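**Q** Let's see this in three dimensions:
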Amino acid sequence: MDEKIIFSALDQFGLVEVSERGSIRQLKLGTTIIQSSVDMDDFLTPQLEYIRAMLMILAYPKPVNRALVLGVGGGSLITGIQHCYPEAEIIGVERSPAVIRASSEAFPLPQSERIKILNTDAESFMHSCRDSGSFDLVFIDLYDGDGPMDLCAQLGFALNICRLMGEDARLAINLWRATKHSTRTTLDNFSAELSTTGLRWILPSDFNLVQFFFKSPQASNLFPAWRKAVQDKKKWPYPGANSMMENLSSNFPYLFDSESTHKY
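**A** As a prediction, this is how the structure comes out:
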């Protein structure tokens, strides 16, 4: 089956294309790297492994009333939050106007008065946002065509993110193992600011490293319940749970930073 381009736009950040092969649509930013991938016949089940990993935080046994997504892409993270927590307010931040167009025109991004997509960069948003401690969940997936944005490794970035997180908030960040120095710096910055030692899932067949952080010092008390919720799926409404569990490394979610320091 031939692949065809169904969306193409150029903005100040470069080329944005969406290709389609059968029911699969993929977003690329002027390179061969796939930024988003959605099966239009089953759009609730993410195609990319790192997205499945990030969305596992939705099974953590605390409610989500307000969520922040830095880096909208094809909208898979927003779709997951809206599906699991339909009453939650979701703010998506995306600097590229062309990506925002692609997410709404070529992907099944949910449309709701509870979902706001802001066309601004993450740094400007954090500096202007006065809602300290108001987010229960933060997703960080900030990439350009070449890899994670340098912003993620800045100390001020971690400080601003932590300022926006509520008492029981959790954070999932997607990084690359290939960018070792900036990845290490990013994780060290967040580790220094957040109370609970993070949990890490190093994807075995990809570049990605997904790290979870928690604001509450007592967050780890709920880790066993979190794992059980994913494994038996009783509290996990997301359809991708089966494929997520199949792809998990055997020691997740008990791979602590202290047991695997700087193993990227």
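
**Q** so where's this protein uncertain?
**A** Within the chain, the stretches with pLDDT under 70 are 145-147, 195-206, 231-264.

**Q** Pairing partners for whichever strand in it runs longest, with directions?
**A** Counting by DSSP state E, the longest strand found in the chain is strand 165-176. Next to strand 165-176 in the sheet, as set by DSSP bridges, lie strand 135-140 (parallel), strand 208-214 (antiparallel).

**Q** can I get these in a markdown table with mean neighbour count and distance to S104?
**A** Quick note: C-beta positions are derived from backbone N, CA and C, even for glycine. Below are the strands paired with strand 165-176 laid out as a markdown table (neighbours: other Cβ atoms under 10 Å; distance: least, Cβ to Cβ, whole Å):
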| stretch | mean neighbour count | distance to S104 |
| --- | --- | --- |
| strand 135-140 | 25 | 18 |
| strand 208-214 | 24 | 25 |
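
**Q** so which of those strands gets nearest A178?
**A** strand 208-214 (9.6 Å; Cβ to Cβ).

**Q** Using CSV, list the CA coordinates for that closest one.
**A** Listed next in CSV are the C-alpha coordinates belonging to strand 208-214 (Å, rounded to 0.1, in the frame of the first residue of the first chain):
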residue,chain,number,x,y,z
ASN,A,208,13.4,7.3,24.1
LEU,A,209,13.7,7.5,27.8
VAL,A,210,10.4,8.2,29.7
GLN,A,211,10.8,9.5,33.2
PHE,A,212,8.1,10.0,35.8
PHE,A,213,8.3,12.4,38.7
PHE,A,214,6.0,13.2,41.6
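
**Q** Show me what the helix or strand following that strand is packed up against.
**A** Downstream of strand 208-214, the first helix or strand assigned by DSSP states H and E is helix 223-232. Applying 3 or more Cβ pairs under 8 Å, 6 or more residues apart in numbering; DSSP states H and E, one finds that helix 223-232 contacts helix 241-247.

**Q** change it to 10 Å
**A** Helices and strands touching helix 223-232, by 3 or more Cβ pairs under 10 Å, 6 or more residues apart in numbering; DSSP states H and E, are strand 196-202, strand 208-214, helix 241-247.

**Q** Run the angle between it and strand 208-214 for me.
**A** Relative orientation of helix 223-232 and strand 208-214, computed by axes from the mean of the first three to the mean of the last three Cα atoms, to 10 degrees: 130 degrees.

**Q** Flag every buried residue along helix 223-232.
**A** 223, 226-227, 229-230 (16 or more other Cβ atoms under 10 Å).

**Q** Sketch out the strands for the stretch 1-150 of the chain, chain order is fine.
**A** Assigned by DSSP state E, counting those that start in this stretch, the stretch 1-150 of the chain shows strands spanning 4-11, 14-21, 24-28, 34-39, 66-70, 89-94, 115-119, 135-140, 143-144, 147-148.

**Q** Dump those to CSV, plus distance to F213.
**A** Listed next are those as CSV, based on distance: least, Cβ to Cβ, whole Å:
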stretch, distance to F213
strand 4-11, 32
strand 14-21, 30
strand 24-28, 26
strand 34-39, 23
strand 66-70, 14
strand 89-94, 18
strand 115-119, 23
strand 135-140, 9
strand 143-144, 19
strand 147-148, 16
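
**Q** so L55 makes contact with V69?
**A** No - the criterion here is Cβ atoms under 10 Å, and L55 misses it with V69 at 11.3 Å.

**Q** So for the two, which residues contact both of them?
**A** Shared between the contact lists of L55 and V69 (criterion: Cβ atoms under 10 Å, 6 or more residues apart in numbering) are residues 76-77, 80-81, 139.
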